[in-house]
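Novice: sharing a model prediction with you, sequence too.
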Amino acid sequence: QVQLVESGGGLVQAGGSLRLSCAASTSIFSAMGWYRQAPGKQRELVAAIRRRSGETNYADSVKGRFTISRDNAKNTGYLQMSSLKPEDTAVYYCYIDGISGLDVRRYWGQGTQVTVSS
């Protein structure tokens, strides 16, 4: 059973920073990332990183403010969030694309609340 454990959410003032962590119980995955979902809105991709190459991609709304990274030895990903805005307030969910033979299956973390006050 693959598990993802998220940490690092909380309450911060606008302009502040937070770092989210996501620890996976497996090393067999191709990519890791975060989505977020604000009340009344659809879940949106925030950032993702390829495990081997380190290639990253970001939502336009967070480019230049958020940085995703990974520590392959720890099977852990990080999302450094800076210059936070009230519109970044959401529940953030990490995921991995786990690999089993030829199959790829997405696993999700439990979600962590990020609240940015104005």
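Specialist: Received the coordinates, thanks.
Novice: show me what contacts Ser100?
Specialist: Counting by CB atoms under 8 Å, 6 or more residues apart in numbering, Ser100 makes contact with Ile28. (Each C-beta comes from the backbone N, C-alpha and C, glycine too.)
Novice: quick check: phi and psi on it?
Specialist: Dihedral pair for Ser100: phi -140, psi 100, per degrees, to the nearest 10.
Novice: so it bridges to which residues?
Specialist: Taking DSSP bridges as the rule, Ser100 bridges to Asp103.
Novice: any idea how far Arg106 is from it?
Specialist: 12 Å (CB to CB, to the nearest Å).
Novice: go on, Val46?
Specialist: Taking CB to CB, one finds Val46 at 15 Å from Arg106.
Novice: the closest residue to Leu11 other than its chain neighbours: neighbouring residues, count only.
Specialist: Excluding the flanking residues, the one nearest Leu11 by CB to CB, 6 or more residues apart in numbering is Thr115, at 4.6 Å. If you count neighbours by other CB atoms under 10 Å, Thr115 ends up with 15.
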